[in-house]
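>>> fold the following, please.
(one chain, ligands or ions: 1)
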Amino acid sequence: MDRLVIQGGHKLNGHIPISGAKNSALKLMVACLLTDQPITLTNMPSLADTRFLAQLLETLGVEVYWPRGESTCHLNAAELKSTIAPYDQVRKMRASFNVLGPLIARSGHATVSLPGGCAIGARPVDLHLQALAAMGADLKVEQGYVKAAAIHGLKGAHINFSMPSVGATEHAMLTATLAEGTTVLENAAREPEIEDLAVCLNSMGADISGAGTSVIRIKGVESLKGTNHPVMPDRIEAGTYAIAAAAAGGDVTLDGCPVEALGALISKLREAGVTVDADEAAHTLRIRRNGTHLKAVNLSTQPHPGFPTDLQAQFMALMAIADGTSVIRETIFENRFMHAPELSRLGADITVRGQEAIVKGVKHLTAAPVMATDLRASVSLVIAGLAAEGETVVNRIYHLDRGFERLEEKLTACGAHIERRSGEEE
Ligand code: EPU
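Predicted structure coming up:
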């Protein structure tokens, strides 16, 4: 099992290029199931998760051409050979569940495993299923699988989500493109990845308006065609490096950065005393902290455009070394503080009370072996390791490989001392 060994205390200076967004790429890849023509995705992040989804698509009959090391992925679902997504492939990566609606839209039926819970919470799929049922899919849950059919085809529907869900919004949007009539999604999630998906689907001939707002209208069309679409840059990767630079100190510019999608983080960083120069037109974000102390700030995770839950762990690592006490509230997932006890191993003073973590800033973190528990939690430990004194070992970094492309290379280029080692855990 690989681990990262970090010699902390080195400032970060230089440029970091931002990769394509994992959470956009995964849904864009699924869109290939809606057409028998080829789609080409550029700026694709080569990650464990995107490679894993490519394998599931191949199981379904999609021809995938995506050589290692390349950022262009060709997907061709000219003919599907299966409409079954097995347990092992959905359990390991929840976004696989989103093949259900597109398979029904394309083939009239599908059998897809329920994903089950995960490290950050129960994460049910009830909203996904309600949306598909409203569009006329007949759904049965048997032996852990959703068995779905739409004998009379899918019909447009008015769907009012009880809460904004990124996955359910995307799933319903993908499916509705080929339903007969108009679908209206109310209380839809507004994450930028949803807009990216709508742009891609519209370039395939879909008729979607309102993506990025809480009301999305989709007029169903007869068929969709192939397209060529660039994956949007990863706002969570960008936010993570911004926080890393703030924690370690130095002067880092993020290139190809989706600045407009990072408003909530930028204001929190500025409140914390970090100098941030945001240039939307140039797609750059410059983060500077040289000698100034960090100030504790409170935050609460919220659906976009609020502070993203996917940056909560990283911001907690930053607050661990701020002056004062900060209260971090997690409102999206019920179990997303697993990094807190690991950060405490590095000397952080964190008390978790229900949905709140109370972080009392300490002067210094000190190195220790720690263990990654999920993707964003792992990278918060890397950030803490960069700021800590001494050698931190982050074990179980396969989580990191799910969502961060060339992490060591990007950080090393800015002066970090970070190295991947294989073998026994430390
Ligand atoms: N929820 C339900 N029922 C549903 C769907 C969601 O109760 O049918 C609940 C969830 O349990 C959660 C909340 O609604 O408490 C929000 O979940 P949402 O559906 O918005 O999240 P998701 O689509 O499962 C995506 C990202 C997550 C990110 C969240 C929130 C992907 C592949 N995943 O998950 O990313 O945290 O939106 O922004 O897009 C990550 O990348 O590390 C990650 C976890």
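>>> OK, contacts around the residue in the stretch 101-250 of the chain positioned nearest to the ligand?
Nearest to the ligand in the stretch 101-250 of the chain, going by C-beta to the nearest ligand atom, is residue 167, at a distance of 2.7 Å. Yep, even glycine has a C-beta here, placed from its N, CA and C like the rest. Contacts for residue 167 (C-beta atoms under 8 Å, 6 or more residues apart in numbering) come out as 94, 95, 97, 98, 125, 128.
>>> try residue 234
With C-beta under 8 Å, 6+ apart, residue 234 has these contacts: 18, 19, 20, 21, 22, 23, 24, 45, 258.
>>> how near is the third one to the ligand?
Right, the one you point to is residue 20. 13 Å (C-beta to the nearest ligand atom, to the nearest Å).
>>> try the first one
As judged by C-beta to the nearest ligand atom, residue 18 and the ligand stand 15 Å apart.
>>> what pLDDT does that residue get?
Residue 18 is assigned a predicted lDDT (pLDDT) of 98.
>>> repeat for the last one
Per-residue confidence for residue 258 comes out at a pLDDT of 98.
>>> quick one: it and residue 236 touch, right?
No: the pair residue 258 / residue 236 is not scored as a contact, 9.9 Å apart, by C-beta atoms under 8 Å.
>>> what's the overlap in contacts for these two?
Common neighbours of residue 258 and residue 236 (C-beta under 8 Å, 6+ apart) are residue 21.
>>> in terms of neighbours, single out the busier of these two.
residue 236 (25 against 22; other C-beta atoms under 10 Å).
>>> over to that one. Which of the three states is it?
helix (DSSP: H, G, I helix; E, B strand; the rest coil).
>>> what sits against the closest residue to it other than its chain neighbours?
Spatially, and ignoring its direct neighbours in sequence, residue 236 is nearest to residue 310 (4.5 Å; C-beta to C-beta, 6 or more residues apart in numbering). By C-beta under 8 Å, 6+ apart, the contact set of residue 310 is 236, 239, 376.
>>> run the last query once more with 10 Å
By C-beta atoms under 10 Å, 6 or more residues apart in numbering, the contact list for residue 310 reads 22-23, 120, 191, 234-237, 239-240, 301, 332-333, 336, 375-376, 379, 403.
>>> ok, now residue 241?
Neighbour list for residue 241: 12, 16-18, 234, 252-254, 257, 285, 287, 314, 379, 383, 404, 407, 410-411, 414 [criterion: C-beta under 10 Å, 6+ apart].
>>> now, these that are in helices?
Residues of these located in helices (DSSP state H): 314, 379, 383, 407, 410, 411.
>>> closest one to the ligand out of those residues, please.
residue 379 (9.5 Å).
>>> isn't there a helix covering the residue nearest to residue 236?
Yes: counting by three-state DSSP, residue 310 falls inside a helix.
>>> related to what we said a few turns ago, may I see the contacts of residue 167 organised as TSV, with pLDDT, distance to residue 58 and secondary structure added?
Putting these into TSV (pLDDT from 0 to 100; distance: C-beta to C-beta, whole Å; DSSP: H, G, I helix; E, B strand; the rest coil) gives the following:
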residue	pLDDT	distance to residue 58	secondary structure
94	91	19	helix
95	94	16	helix
97	96	17	helix
98	97	16	helix
125	94	23	coil
128	97	23	helix
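>>> filter these to the buried ones?
Among those, those classed as buried by 16 or more other C-beta atoms under 10 Å are 94, 95, 97, 98, 125, 128.
>>> just to revisit the earlier point, looking at the ones in helices among the contacts of residue 241, spot the one nearest residue 367.
Nearest to residue 367 among the ones in helices among the contacts of residue 241, counting by C-beta to C-beta, is residue 383 at 13.3 Å.
>>> return the residues of the stretch 251-400 of the chain in contact with the ligand.
Applying C-beta under 6 Å from any ligand atom, one finds that the stretch 251-400 of the chain approaches the ligand through 309, 310, 332, 333, 375, 376.
>>> now for the residues you listed, which pair is the farthest apart?
Going by C-beta to C-beta, the pair spanning those furthest: 332 and 375, at 14.6 Å.
>>> now the helices: where do they sit in the stretch 1-150 of the chain?
22-30, 48-60, 87-91, 100-107, 126-134 (DSSP state H, counting those that start in this stretch).
>>> lowest mean pLDDT across these, which one is that?
Here those differ in mean pLDDT, and the lowest is helix 87-91 at a mean of 91.
>>> contacts for it next, please.
52-53, 55-57, 59-60, 96-100, 112-118, 125, 143-146.
>>> redo that, cut-off 6 Å
56, 96, 97, 113, 115, 116 (C-beta atoms under 6 Å, 6 or more residues apart in numbering).
>>> what do you get for stretch 149-159?
Outside stretch 149-159, the residues touching it (C-beta under 6 Å, 6+ apart) are 104-105, 108-109, 131, 134-138, 179-185, 220.
>>> measure residue 329 to the ligand for me?
14 Å.
>>> and that residue, how many neighbours?
Using other C-beta under 10 Å, residue 329 has 15 other residues around it.
>>> same deal with residue 116?
Applying other C-beta under 10 Å, I find that residue 116 has 14 neighbouring residues.
>>> which residue, other than its chain neighbours, is closest to it?
residue 91 (5.5 Å).
>>> over to residue 264?
Leaving aside its sequence neighbours, residue 264 sits nearest to residue 307 (C-beta to C-beta, 6+ apart; 4.3 Å).
>>> quick one: contacts for the one you found?
Contacts for residue 307 (C-beta under 6 Å, 6+ apart) come out as 264, 299, 301.
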